[in-house]
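Colleague: this is a predicted model, with the sequence first.
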Amino acid sequence: KKGNFASRTRDAEDGVCGKLRIAASGGASAQVSVGARKTAAAAAARKSGDVRMLAVVREPMTLVEKILAKGARKPRVKPGENIWVDVDVLMTHDVCGPGTIGVFKREFGHDARVFDREKIVIIPDHYIFTADERANRNVDILREFCTEQDIKYFYDITDRSNFKANPDYKGVCHVALAQEGHTRPGEILFGTDSHTCNAGAFGQFATGIGNTDAGFVMGTGKLLVKVPATIRFTFNGQMPDYMLAKDMILQTIGDIGVAGATYRAMEFAGDVMQQLSMEERMTLCNMAIEAGGKNGLIAADETTFKYLDGKTNKPFEVFHTDEGAAFHSDRTYDIAKLEPVVAKPHSPDNLDLARNCRDIKTDRVYIGSCTGGKTEDFIAAARILQGQKVSVPTFLVPATQKVYEDVQNVRINGETLAKIFADAGCIDPASPSCAACLGGPKDTFARLNEPEVCVSTTNRNFPGRMGSKEGSVFLASPYTAAASAITGYVTDPREVYDFDKTTRHSAEMLREN
């Protein structure tokens, strides 16, 4: 498997401090001391047949340092070092795309060509299903530019009255990037959206940039970046059935604060990572920015390779943090001791246990966004809502067209998610987009146009984030959001659902097709 071999060869190149690692085609590796034994080691490697990599590393590196070193074409980089890197993918959307295009044309010329038509991905997703003329014009600008530049990956929408009539339209950019195979281990991805860090779940360096930087990348394929130091967050133990990745990242942000990881790479590690699906890993990395992080990332493994199988045919390299690598700091969690949590208004770090907030009545519940609108988020919500009735308006916004289809077709306990939601009294799933997560024009689906309280699976709860500045948003997992929809107040999901005390039932275990 390409991912497995890439992992072995790259570890051979980067190795561990003071060792020489030899990776052969058969998968065997040997370590010998550097120095007098080097010649004998090389001879042994040649004798084993088909040696792929020989290298000596004198200093260990973290995962993010290895990726950036590769992008800079350097053997080693250090935190704080300013480096030029080659960009593998640049993503932009309808909010920042027109500005990025404007910078590109102003700086490189009206007739300039982009650096690589196949490395730019343009995804309309934010303000799509609205009558707002300026929002609609933004999509037109993207379309004109993509036609002019012959951009290969433009996921267009022309018929806003029926998203299904637009086969190229995907939906929320961060989820679409993963579903369409644009997120690959070892690569560097920049996007004009702060939640671009979502893609770090694939073991790559992914971060948000502004329009000026994006315009420069569009013309050159390069960008100057400062290498971030790494904070490692290690989660160990057996994941309880009532816990989701959203609880993990809200707990983390609550512990360190919204500035606690400013310009740091947040690397998530430990036993629990192997228990998480790719979508749950995306949830973790997605909200690194809410802690001030430059990026979030998780080393790629078999779960990553399985997800990517059939989505991309491009080769990729897999990196791992070296033993002995230097970290800015380390935090360790026993996952069994964590509980469902919420972030209270008006900051993602205003942490509290969900069970402590029973006195907070909610006016509505919102399940959607790049953070909480993936297929597995809806499976989790349906698990809680099956056989129940909601007591407040409950809005469902699938992140992408693929997620929408899954809501219609995926079954748990013999029923489709769509039927479970309908029987529970939820509002019919909306057209895939960012919708009310970013507020948007006043006709945006589920926008908070009144000073209401909303329990939401989104990522930010600053004043005005979902519309009204007088509104109050409680950030929560799909389990907690669904439980709150049933009771009408902020609710620990254990209050309404009898979770398994011994085994965690992941979305993959729950779904029947």
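Modeller: Yep, that arrived.

Colleague: just want the most central residue of this protein.
Modeller: Nearest residue to the geometric centre of the chain (Cα atoms, centre = their mean): residue 198, 2.0 Å.

Colleague: contacting residues for that one?
Modeller: Neighbour list for residue 198: 174-175, 177-178, 206, 282, 285-286, 370 [criterion: Cβ atoms under 8 Å, 6 or more residues apart in numbering]. (Each C-beta comes from the backbone N, C-alpha and C, glycine too.)

Colleague: now do residue 194
Modeller: Contacts for residue 194 (Cβ under 8 Å, 6+ apart) come out as 208, 289.

Colleague: kindly report the same for the one 3 residues further on.
Modeller: When contacts are counted by Cβ under 8 Å, 6+ apart, residue 197 is found next to 206-208, 285-286, 288-289, 293-296.

Colleague: could I get the buried residue list for the longest strand seen in the chain?
Modeller: Secondary structure of the chain per DSSP state E: the longest strand is strand 229-236. Within strand 229-236, the residues that qualify as buried are 229-233, 235, counting by 16 or more other Cβ atoms under 10 Å.

Colleague: check for me that residue 396 belongs to a helix.
Modeller: No. Residue 396 is assigned strand when assessed by DSSP: H, G, I helix; E, B strand; the rest coil, not a helix.

Colleague: wouldn't it be in contact with residue 429 here?
Modeller: Yes. Contact criterion Cβ atoms under 8 Å: residue 396 and residue 429 qualify, at 4.4 Å.

Colleague: phi, psi of the residue nearest to the centre of the chain?
Modeller: Reported as degrees, to the nearest 10, the phi and psi values for residue 198 are phi -50, psi -40.

Colleague: how near is it to residue 297?
Modeller: 11 Å (Cβ to Cβ, to the nearest Å).

Colleague: any common contacting residues for these two?
Modeller: Common contacts of residue 198 and residue 297 (Cβ under 8 Å, 6+ apart): 206, 285.

Colleague: just for this protein, where's the confidence low?
Modeller: 1-58 (pLDDT under 70).

Colleague: longest helix of it?
Modeller: helix 133-149 (DSSP state H).

Colleague: what is that helix packed up against?
Modeller: helix 97-108, strand 120-123, strand 153-154 (3 or more Cβ pairs under 8 Å, 6 or more residues apart in numbering; DSSP states H and E).

Colleague: list the buried residues for it?
Modeller: Across helix 133-149, burial judged by 16+ other Cβ under 10 Å covers 135, 138-139, 142-143, 145-146, 149.

Colleague: repeat for stretch 207-214
Modeller: Neighbour-count burial for stretch 207-214 flags 207-209, 211, 213-214 (criterion: 16+ other Cβ under 10 Å).

Colleague: now stretch 107-124
Modeller: 108, 114-115, 119-124.

Colleague: what is the distance between it and the centre of its chain?
Modeller: 24 Å (Cα atoms, centre = their mean, to the nearest Å).

Colleague: now, which of the buried residues of helix 133-149 sits nearest residue 66?
Modeller: residue 149 (32.3 Å; Cβ to Cβ).

Colleague: for that closest one, what are its contacts?
Modeller: For residue 149, the contacting residues are 113-114, 117, 120, by Cβ under 8 Å, 6+ apart.

Colleague: my read is that residue 416 contacts residue 408, right?
Modeller: Yes. Assessed by Cβ under 8 Å, residue 416 is found in contact with residue 408 at 6.3 Å.

Colleague: these two: who's more crowded?
Modeller: residue 416 (18 against 13; other Cβ atoms under 10 Å).

Colleague: what are the ranges of the strands in the stretch 301-450 of the chain?
Modeller: With strands called from DSSP state E, counting those that start in this stretch, the stretch 301-450 of the chain shows them at 329-334, 341-343, 351-353, 364-368, 394-397, 411-412, 415-416.

Colleague: helices or strands up against the longest one?
Modeller: Contacts defined by 3+ Cβ pairs under 8 Å, 6+ apart place strand 329-334 against strand 229-236, helix 245-256.

Colleague: looking at the ones you listed, which is nearest to residue 65?
Modeller: Between residue 65 and these, the shortest gap by Cβ to Cβ is with strand 229-236, which sits at 7.6 Å.

Colleague: now that closest one, how far from the centre of its chain.
Modeller: For strand 229-236, the distance to the chain centre is 17 Å (Cα atoms, centre = their mean).

Colleague: neighbouring strands - and their directions - for that strand?
Modeller: strand 264-269 (parallel), strand 329-334 (parallel) (DSSP bridges).

Colleague: most neighbours per residue, which of those?
Modeller: Each of those was scored by mean neighbour count; the highest is strand 264-269, a mean of 26, by mean count of other Cβ atoms under 10 Å.

Colleague: just the CA atoms of that one, as PDB, please.
Modeller: What follows is strand 264-269 as a C-alpha-only set of coordinates in PDB (Å, rounded to 0.1, in the frame of the first residue of the first chain):
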ATOM      1  CA  ARG A 264       1.400  26.700  17.800                       C
ATOM      2  CA  ALA A 265       0.800  23.400  16.100                       C
ATOM      3  CA  MET A 266      -1.600  21.300  18.100                       C
ATOM      4  CA  GLU A 267      -0.700  17.700  17.600                       C
ATOM      5  CA  PHE A 268      -3.300  15.200  18.900                       C
ATOM      6  CA  ALA A 269      -1.900  11.800  19.900                       C
END
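
Colleague: residues in contact with that strand?
Modeller: With Cβ under 8 Å, 6+ apart as the test, strand 264-269 has contacts from 62-64, 228-235, 252, 281, 284-285, 288, 291-299, 321, 328.

Colleague: need the buried ones from the residues you listed selected in ChimeraX.
Modeller: The ChimeraX selection below is limited to those of these classed as buried (16+ other Cβ under 10 Å):
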select :62,63,64,228,229,230,231,232,233,235,252,281,284,285,288,291,292,293,294,295,296,297,298,299,321
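
Colleague: which parts of the stretch 301-450 of the chain are helices?
Modeller: Using DSSP state H, counting those that start in this stretch, the helices of the stretch 301-450 of the chain run over 302-308, 369-372, 375-385, 401-409, 417-424.

Colleague: excluding its backbone neighbours, what's nearest residue 409?
Modeller: The shortest distance from residue 409 to any residue other than its chain neighbours is 6.3 Å, reached at residue 416 (Cβ to Cβ, 6 or more residues apart in numbering).

Colleague: looking at it, residue 373 is touching residue 457, isn't it?
Modeller: Yes. Under the criterion of Cβ under 8 Å, residue 373 makes contact with residue 457 at 7.0 Å.

Colleague: who touches both of the two?
Modeller: residue 367.

Colleague: can you list residues touching both of residue 396 and residue 429?
Modeller: Contacts common to residue 396 and residue 429, judged by Cβ under 8 Å, 6+ apart, are 407, 421.

Colleague: if we can go back for a sec, and of the helices and strands packed on strand 329-334, who's closest to residue 386?
Modeller: helix 245-256 (19.7 Å).

Colleague: so how far is that closest one off the chain centroid?
Modeller: Between the mean C-alpha point of helix 245-256 and the mean C-alpha point of its chain there is a distance of 15 Å (Cα atoms, centre = their mean).

Colleague: that helix vs strand 329-334, what angle?
Modeller: 130 degrees (axes from the mean of the first three to the mean of the last three Cα atoms, to 10 degrees).

Colleague: hmm, who's touching helix 245-256?
Modeller: 231, 233, 235, 260, 266, 272, 276, 280-281, 283-284, 286-287, 290-291, 331, 333, 335, 338-343, 348-351, 371-372, 457, 475-478, 480.
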